[in-house]
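S.K.: Sequence and computational prediction follow.
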Amino acid sequence: MLRGVFEWVVLLLDGVLLRVMSRFVHANKKNAFLKGNFAPVDPSDVFVQDLVLSRGSLPDDLEGAYLRVGPNPSIQTPSKAYHWFDGDGMVHAIRIKDHKLAYFRHLIQTPKRKLEERFQRSLFVRFGEMSQLWYVIVIAVLWMPLRRKLLSFMPDKVEEGTANTALVYHNRSLSALHEASRPFGLYLPSFGAVRSVGYNSYNGALKTSMTAHPKVDPVTKEMFYISYSPDYGCIVGVVSPDGDLLRSVDIGLERRPMIHDFAITEHYIIVMDLPLLFRPDKLRETKDLFFFDSSAPSRYAIIPKSARSKDEVIWFSGPSCFVFHTANAWEEGDEIIVNACRFERFDLASMSLDENFSFGKQPARLHQWRFNLRDKTIKETGLMDRGGDFPVFCDTLIGRKSRFVYVSCIEPSHDSHNSVCKFDYEKKQVVNQYSWGPSTFAGECSFVPRKNRTSEDDGYLVTFVHNTATNKSSFIVIDSKTFAFCCEVEIPYRVPYGFHGIFLDEEQIQKQYGTF
Ligand SMILES: [Fe+2]
């Protein structure tokens, strides 16, 4: 009884404090990520069966589920500040079984989402609110840790994320990921909408957050991950094929960068320490906790997969840049080859404060780094002139030499990605491009290898597209070898632009564990 009254008083104080302090936050009332097809949809779950193809025919050998996760802000903050990275994770998916198609969506029931739904207000600090020093100090640094101690039902810091960024399948389990949190388990029934399971701490062994882009080695089936934080720098870790956290190593970062993605080869892990740096001292200037320092070098850590100490890390240094997503990496003689979509610079605050934000203005471009382990030199080469990001390739070649990568491309005049390009590393050129059509945009595609495929590119690219003229969303399949159109099915609901997807085949779906 007394405990209940105490918690009620703390919550009341919390509500008043968040509301008062929100006045100090810079907010953009015309936020580009809260309108058009970035705007959220109703948080209710949906499952629709027997979808009818609008065009083309469904390939006979395409069976499984395509799931894509993205942000769906369901409860607004008092400050009205919002960054694209802040929304609660919602999965949109297409299930293909027995030549029938179903669509479903599910708002992931993280502890954060459930508490905000229960109290009908925002309870956690958003990335987009980190624009004022006073707010950061009072709310994020002082109040939130104290509140976590005072309220028994508040989740751990690494379990208050949104699960909104990407999906991974490992150890017969599907997880939604968010780089500030642990993986959040999902379960996909044989035929039905995906369900929320809960956070996975790997039997208590994972004490930190985990990247949204872990890499499952196609040969050893081990899952490699990174975890970074202003508190401890960067850790690389490995999870066994059976889901046991085997080891983790602090790589000895000297500064505190944002590290969204990394890469692996057969024997190495590559971490990009790029100069988008955690610099609260620059908050007044950047209106964001991360400051892009164009005068600082990019640093690259090449870490043997077997490393047990930061002393084994091999460091390289090059010109400043920023990368969200790597494409693939592999070894050739003395060289480590890393491909990634490289920005000249990146301003994170623009994604919450620039009401005319456009991905086409300063896009990333596919780029290659060759790190020579013998003479410690780097050779850098721009691979694609046109802008693009969200690179995908054949998952069975992660860390091994691959020939093709599929990049979502964007024209300077567009706000979002309007085509997918196939880049051939051997020919060093774009060999195919598929435009989604007039007023039609998409994000990342997923590559689905064809059963009994005869070449690396033998398969399909699948994604959701959105026509901004008709306000209709569709699921599209194209042939990844020829780039010929296969089929399109209109979704009876709008599917907002999201982040990353995954395609699960029938065997992966049937073999899932129900829980961790
Ligand atoms: Fe990502």
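M.R.: It's in.
S.K.: Centre-most residue in the chain?
M.R.: T165 (3.5 Å; C-alpha atoms, centre = their mean).
S.K.: how much space between it and D288?
M.R.: With distances taken as C-beta to C-beta, to the nearest Å, T165 is found 18 Å from D288. Quick note: C-beta positions are derived from backbone N, CA and C, even for glycine.
S.K.: do V271 as well
M.R.: Distance, V271 to D288, using C-beta to C-beta: 22 Å.
S.K.: for M223, same thing?
M.R.: Distance from M223 to D288, by C-beta to C-beta: 31 Å.
S.K.: thinking again about what came up before, can you tell me which residues contact the nearest residue to the residue nearest to the centre of the chain once chain neighbours are set aside?
M.R.: Among residues not flanking T165 along the chain, A212 sits closest, at 3.7 Å (C-beta to C-beta, 6 or more residues apart in numbering). If you count contacts by C-beta atoms under 8 Å, 6 or more residues apart in numbering, A212 has them with T165, A166, L177, H178, E179, H260, D261, F499, H500.
S.K.: now do 10 Å
M.R.: Shown in contact with A212 (C-beta atoms under 10 Å, 6 or more residues apart in numbering): 69, 161, 163-168, 176-181, 183, 225, 260-261, 499-500.
S.K.: Check S435 too.
M.R.: Contacts for S435 (C-beta under 10 Å, 6+ apart) come out as C409, E411, N418, S419, V420, C421.
S.K.: thinking again about what came up before, could you identify the buried members of the contacts of A212?
M.R.: Buried members of these, scored by 16 or more other C-beta atoms under 10 Å, are 69, 161, 163-168, 176-181, 183, 225, 260-261, 499-500.
S.K.: Mind checking which of those land in strands?
M.R.: V69, A166, L167, V168, A176, L177, Y225, H500 (DSSP state E).
S.K.: Need the max-distance pair from the residues you listed.
M.R.: For these, the farthest-apart pair by C-beta to C-beta is V69 and Y225; their separation is 17.3 Å.
S.K.: where does the chain dip in pLDDT?
M.R.: Scanning the chain for pLDDT under 70 picks out 514-516.
S.K.: Let me see the domain layout of it.
M.R.: Here the domain parsing of the chain from automatic domain parsing is 1-207, 213-402.
S.K.: ok so, going back, which strand or helix spans the residue nearest to T165?
M.R.: Taking DSSP states H and E as the definition, one finds A212 inside no helix or strand.
S.K.: Then Y135?
M.R.: In the assignment (DSSP H and E), Y135 maps to helix 133-135.
S.K.: got the CA positions of the helix or strand that that helix is followed by in CSV?
M.R.: Toward the C-terminus, helix 133-135 is succeeded by helix 144-150 as the next helix or strand (DSSP H and E). Output of helix 144-150 as CSV, limited to C-alpha atoms (Å, rounded to 0.1, in the frame of the first residue of the first chain):
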residue,chain,number,x,y,z
MET,A,144,16.2,8.9,-15.1
PRO,A,145,18.8,6.9,-13.2
LEU,A,146,17.2,8.0,-9.9
ARG,A,147,13.7,7.2,-11.1
ARG,A,148,14.9,3.7,-12.2
LYS,A,149,15.9,3.1,-8.6
LEU,A,150,12.7,4.6,-7.1
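S.K.: can you pull the contacts of R148?
M.R.: By C-beta under 10 Å, 6+ apart, R148 lies in contact with M154, P155, D156, K157, E160.
S.K.: Same question for K376.
M.R.: When contacts are counted by C-beta under 10 Å, 6+ apart, K376 is found next to I314, W315, F316, S317.
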